[in-house]
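[1] Curious how this folds, go ahead:
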Amino acid sequence: MARAPDWIRHSRDGWHWSGSERPPFAVEPGDGQESVWDYPRPPALVRDERPIAVRVGDVEVVAATHSWKVCETAHPPTFYLPPDSVHADLLEIAPGSSMCEWKGAARYWTVTVGDVRLESVAWSYPDPFAEAEALRDHVAFYPAQIDCFVDGHRVLPQPGGFYGGWITPELVGPFKGEPGTSGW
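    Numbers count the residues shown, from 1 in each chain. Okay, here's the model as predicted:
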């Protein structure tokens, strides 16, 4: 998809926080930390070379040596994993879709490992907007529903249940999705 529709471009224009300044309520990062309030909007696609694992119990769904990390103001990053790192035999297309104003139309995936079936636990962009082309067919997972690890550390899920950000030890917030953040 070459260009976002007008209604999406209009929606993008309505955002106040864009990473150009940190709001007074943001946590000041310490040594080795980064503030999600320094991330830009529109989001940046950042190559991350840390190892990634996604598991259901002892079964590895993903073993990646690199990923694309989407860094957007107020959000912990979402990690998009290369299709060749995903055990595709454990995934099946789930019903439904959604639209991201930055990336385009998402397809959802269900993961099944033995008797465990995790509905719509992952998503991908088969035809992303031009600015998100690097994410084509990469897969992201909701860490509230499946075990996700970055460099051996289990990530925490972004609060609120709607977004798919991964909170890693180096991040400070507050994070979009916490109570009272709907206006961010």
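[2] S124 and A94: what is the separation?
    As judged by CB to CB, to the nearest Å, S124 and A94 stand 11 Å apart. Backbone N, C-alpha and C define where each C-beta goes, glycine included.
[3] Now list whatever residues contact both of these two.
    Listed as contacting both S124 and A94 by CB atoms under 8 Å, 6 or more residues apart in numbering are W109.
[4] Contact partners for the nearest residue to F79 once chain neighbours are set aside?
    Closest residue to F79 apart from its sequence neighbours, by CB to CB, 6 or more residues apart in numbering: S67 at 4.7 Å. Shown in contact with S67 (CB under 8 Å, 6+ apart): R47, D48, R50, I52, F79, Y80, L81, P82, H138.
[5] if we go to 6 Å?
    D48, I52, F79, Y80, L81 (CB atoms under 6 Å, 6 or more residues apart in numbering).
[6] still on that earlier bit, comparing S124 and A94, which residue is more hemmed in?
    Comparing S124 with A94 by other CB atoms under 10 Å, the one with more neighbours is S124, at 22 against 17.
[7] neighbouring strands for the helix or strand hosting the more buried one, and are they parallel or not?
    Using DSSP states H and E, S124 sits within strand 116-124. Sheet pairing for strand 116-124, assigned by DSSP bridges, gives strand 104-113 (antiparallel), strand 139-141 (antiparallel).
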